[in-house]
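Undergrad: Pasting the sequence and the predicted coordinates here, then a few questions.
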Amino acid sequence: MAFDQHGRTIDYLRISVTDRCNLRCRYCMPEEGVSWKSHDSMLSLEEIAEFVRIASGEGFKRIRLTGGEPLVRLGIADLVAAIDAVPGIESVAMTTNGILLPKMAEQLKAAGLSRVNISLDTLDAEQFRYISRWGNIEDVFAGIDAALAVGFKPVKINAVVVRSLHQDLLAFARLSITRPLHVRFIEYMPVGDICGGEGLGWTEADTIPNEELIALVNAQAEAAGLGSLEPITERAETPDGWGPARYYHFRNAQGTIGFISALSRHFCGECNRLRLTAEGMLLPCLFSDTQFDVKTALRSGSPGDVRQVLQEALQSKPDEHHHRVGTERLMHEIGG
Ligand code: SAM
Ligand code: SF4
């Protein structure tokens with residue numbers, strides 16, 4: 001088992017496999033002018049798999065692939081299969097925008113992917129196009145259908161809530177009732193320079209704290225005759241998860257609604273993860289630029305060096321983010 005210096009068990013690794021993406025969500029990535037990492041500067045698929053083998057030896061059990069958009073990385077299904085074959089790895093998951101799932105879901109399932117989180121911040125086609133700049137919502141809907149059809153379990157929908165967007169929360173409430181989908185509302189995080197005002201105009205005032213959001217969903221649901229959210233207290237009834245969401249459901253719903261609050265009710269005490277960037281840097285905390293160079297250690301060919309870097313990253317995990325929210329990186333470089 002891997003522990004950090006604060007006694008937390010750290011067994012969950014989020015791996016960003018690319019900084020590239022087929023969308024340009026406003027809170028995540030600028031529309032133009034991104035300088036892509038060169039092929040050489042990114043970890044190869046073999047290097048990522050080797051890192052997972054070493055991390056598994058140190059107690060890591062659960063892997064999530066993210067990006068950028070993980071499905072645009074060539075050979076992604078082979079990587080899933082390689083990771084799934086590592087002794088000690090219990091589950092391989094992915095966070096994706098879903099657009100390529102209709103083409104790839106079956107192949108990914110066969111390779112050993114067990115669960116997906118699909119990011120979708122609105123159920124309105126026009127608003128989706130605005131947020132993602134390029135996207136067609138029908139592609140994401142088809143991705144959700146494909147994920148359910150091949151049997152990923154659970155299928156979660158990640159919706160970042162931004163106050164000034166006035167998203168239709170009731171539409172998500174209805175979705176959780178009619179389909180076996182687990183909607184998670186995520187507090188918007190003003191991370192990276194792009195979110196400091198440039199280009200977006202969104203600020204910390206756009207983060208709706210969880211308690212306020214729960215009250216908003218309840219008010220709208222009650223007015224629409226859906227009843228109100230009931231907290232799920234039995235762990236067995238929550239969608240099997242590794243994260244810090246608090247779950248609720250509407251009576252007789254097929255799915256659930258979760259609330260994830262990195263800022264207003266930060267969950268640092270339950271933090272169980274390290275992040276690996278596409279360039280091979282280990283990040284102990286989402287909200288800090290402190291990083292540890294795994295790529296050089298991997299390329300030195302010494303597993304002992306890699307283990308040492310991993311342990312250094314683990315031992316430098318902060319106890320909490322102390323409301324420091326900014327980092328120099330943008331979300332598509334961190335992986336969410
Ligand atoms: N492209 C994939 C996707 O969109 O699911 C994976 C990478 S994306 C960076 C991972 C997650 O981070 C997504 O759910 C996205 O909505 C979320 N995210 C990106 N920028 C964010 C921000 N500023 N605040 C909160 N969540 C953010
Ligand atoms: Fe791409 Fe995901 Fe960022 Fe949107 S949130 S730009 S889909 S990486």
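TA: Arrived safely. Ligands and ions are numbered 1, 2, ... in the order given.

Undergrad: For the nearest residue to residue 124 once chain neighbours are set aside, which residues are in contact?
TA: Nearest non-adjacent residue to residue 124, counting by C-beta to C-beta, 6 or more residues apart in numbering: residue 168, 6.3 Å away. Heads up, the C-betas are built off the backbone N, CA and C, glycines and all. Contact analysis of residue 168 by C-beta atoms under 8 Å, 6 or more residues apart in numbering lists 122, 123, 124.

Undergrad: Residue 320 contacts residue 269, doesn't it?
TA: Yes - the criterion here is C-beta atoms under 8 Å, and residue 320 meets it with residue 269 at 7.3 Å.

Undergrad: Buried only: go through the contacts of residue 168 for me.
TA: Buried members of the contacts of residue 168, scored by 16 or more other C-beta atoms under 10 Å, are 122, 123.

Undergrad: which ones are touching the closest residue in space to residue 71 that isn't next to it in sequence?
TA: Closest residue to residue 71 apart from its sequence neighbours, by C-beta to C-beta, 6+ apart: residue 100 at 4.0 Å. Counting by C-beta under 8 Å, 6+ apart, residue 100 touches 22, 69, 71, 72, 143.

Undergrad: Tell me how far residue 100 lies from residue 147.
TA: 11 Å (C-beta to C-beta, to the nearest Å).

Undergrad: Show me what from the stretch 201-336 of the chain comes close to ligand 2.
TA: For the stretch 201-336 of the chain, the contact set with ligand 2 under C-beta under 6 Å from any ligand atom comprises 331, 332.

Undergrad: The closest residue in space to residue 23 that isn't next to it in sequence: neighbouring residues, count only.
TA: Excluding the flanking residues, the one nearest residue 23 by C-beta to C-beta, 6+ apart is residue 132, at 4.4 Å. By other C-beta atoms under 10 Å, the residues close to residue 132 number 25.

Undergrad: tell me the contacts of residue 132?
TA: Neighbour list for residue 132: 23, 24, 25, 97 [criterion: C-beta under 8 Å, 6+ apart].

Undergrad: before we move on, what about residue 89?
TA: Neighbouring residues of residue 89 by C-beta under 8 Å, 6+ apart: 52, 56, 60, 61, 62, 63, 83.

Undergrad: The fifth one and residue 84 touch, don't they?
TA: To tie it back to what came earlier, the one meant is residue 62. No - judged on C-beta under 8 Å, residue 62 makes no contact with residue 84 at a distance of 11.7 Å.
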